[in-house]
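Q: Pasting a predicted model and its sequence here:
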Amino acid sequence: MTHSSSPARPLQASASSALTGQVRVPGDKSISHRALILGALAVGETRITGLLEGEDVLNTAKAMQALGAKVERTGETAWSVRGVGVAGFAAPDKPLDFGNSGTGCRLVMGAVAGCPVTATFDGDASLRGRPMRRILDPLELMGAKATSSAEGGRLPMTLQGARDPLPILYRTPVASAQIKSAVLLAGLSAPGVTTVIEAEASRDHTELMLKHFGAQVVSEKEGVHGRKIALQGQPELVGAQVVVPADPSSAAFPIVAALVVENSDIVLTDVMTNPLRTGLFTTLKEMGAFIEESHLRGDAGEPMAQLRVRGSKLRGVTVPPERAPSMIDEYLVLAVAAAYAEGTTIMRGLQELRVKESDRLEATAAMLRVNGVKVEISGDDLIVEGRGHVPGGGLVATHMDHRIAMSALVMGLASDAPVKIDDSSFIATSFPDFVPMMRRLGAEIA
């Protein structure tokens, strides 16, 4: 698999002087995956600019090619996809390898489930350990079938798509954009209306991009925090232009670095500000962070802005559980900010972190503990005792997880002693330029 034979690449981050400069972090990973998949299911050509060229997204591009679409790079972060139309995928002649990417794998499972083809899904050791049953359950209701899988419904898995897919009404068991998106992508091939109901609204990139490609999608409020999404099946999706905004999940790392390194002043351009993705920004502002938005604009339904971030004195806060879907990937680096804050930060309702690239809840606590930060896990809550500084000096086990690696390096930029990580190779899955970019801002990473 993608990473199985890669040698470990340890790194160390040390206390840095003020971070300064203007950068654009990589294109949003969620938008990049979806642009490739919907471009492959559309008729005609889709032109994508700003695509994230990390390993996760490139594996999705390879999967679209294997399923019959024509995918080619036409310039720096510019790509062309010539699609096969809804339900037009061809059976691939070898397994689809998604490396470390749960998003790419699960979304493509949904897209394949609506086509009368059979495909085998696989990934690296980390992805093979992640649950796929929650995706498979609704897809089987629509007529797809797993003809083989590893124990517990895990990868490698062979999925037989539905010959006559059925529209369903499905209530997601947890707030998950991946479950919702898989059902909607399968529903493209079904006659009638496919409906997904969420008790808590997850990120809505799939709905927005489906509309951008010509599908009929209605999204309505459901209950206090939920959404009801209805998709009219069997549309003719038409190739479109997609400008991928900068990824707020990637922007989180230089943002927190600038907040905790004294006297820093940085600017991040074109950062996505979709309200279902900006829970971290909201939380950091509650903690006292200076984050200023300007130059607001949008593309394909996605808002974006320029962010100016300055070094700030942070204070502990309580983060409510209903905010988790809007920042689920950012809790690791928020825990770093909490360690540098004055007072206790309580992050509630983090059960979803246990089924990511690693058990991120335990891994985050271990990252803090080994660097002298007092931290506790209570049920699904993470409690960090901030003392305004971090002793550091620890070696962090990254567990093949790019976000743990980057979070630990950010922590080391202001700690009393350097912070080391055992392996930086997995950073390339989402942010290939992370270390060079942080060095350009003034970070001491070696």
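A: Structure's in. What do you need? Numbering: from 1, shown residues only.

Q: Which strands or helices does whichever strand or helix holds Ile197 pack on?
A: Using DSSP states H and E, Ile197 maps to strand 193-198. For strand 193-198, the packing partners by 3 or more C-beta pairs under 8 Å, 6 or more residues apart in numbering; DSSP states H and E come out as strand 169-171, helix 177-187, strand 226-232. No exception for glycine: its C-beta is placed from N, CA and C like everyone else's.

Q: How far off centre is that strand?
A: With C-alpha atoms, centre = their mean, to the nearest Å as the basis, strand 193-198 stands 22 Å off its chain's centre.

Q: Just checking: what are the partner strands of it?
A: Strand 193-198 pairs in its sheet with strand 169-171 (parallel), strand 226-232 (antiparallel), by DSSP bridges.

Q: Among those, show me which one is buried the most.
A: The highest mean neighbour count among these, using mean count of other C-beta atoms under 10 Å, belongs to strand 226-232: a mean of 20.

Q: follow-up on the earlier one: which is the next helix or strand following the strand holding Ile197?
A: Where DSSP H and E defines the elements, the next helix or strand beyond strand 193-198 is helix 205-212.

Q: residues in contact with that next one?
A: 30-31, 34-35, 38, 107, 177, 180-181, 184-185, 217, 219, 229, 231, 237, 240, 242, 274, 300-302 (C-beta atoms under 8 Å, 6 or more residues apart in numbering).

Q: So how do I select the buried members of these in PyMOL?
A: In PyMOL, selecting the buried portion of the contacts of helix 205-212, with burial taken from 16 or more other C-beta atoms under 10 Å, looks like this:
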select buried, resi 30+31+34+35+38+107+177+180+181+184+185+217+219+229+231+237+240+242+274+300+302
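
Q: hang on, the earlier thing: list the buried residues in the strand holding Ile197.
A: 194-198.

Q: relative to helix 177-187, how tilted is that strand?
A: 170 degrees (axes from the mean of the first three to the mean of the last three C-alpha atoms, to 10 degrees).

Q: now the angle from strand 193-198 to helix 205-212?
A: Using the same axes, to 10 degrees: strand 193-198 against helix 205-212 is 150 degrees.

Q: Any regions of the stretch 1-150 of the chain where pLDDT drops low?
A: Applying pLDDT under 70 to the stretch 1-150 of the chain flags the ranges 1-6.

Q: Show me where it has its strands.
A: Along the stretch 1-150 of the chain, counting by DSSP state E, counting those that start in this stretch, strands occupy 11-14, 20-23, 45-49, 70-75, 78-82, 96-97, 118-122, 145-150.

Q: repeat for the stretch 251-400 of the chain
A: Using DSSP E, counting those that start in this stretch, strands in the stretch 251-400 of the chain cover 265-272, 290-299, 302-310, 318-319, 342-347, 374-378, 381-387, 395-396.

Q: how near is Glu200 to Pro275?
A: Using C-beta to C-beta, to the nearest Å, Glu200 is found at 14 Å from Pro275.

Q: Now do the end-to-end distance for stretch 366-385.
A: 14 Å (C-alpha to C-alpha, to the nearest Å).

Q: which parts of that stretch are buried?
A: Quick answer for stretch 366-385 (16+ other C-beta under 10 Å): 366-368, 370-373, 375, 380-385.
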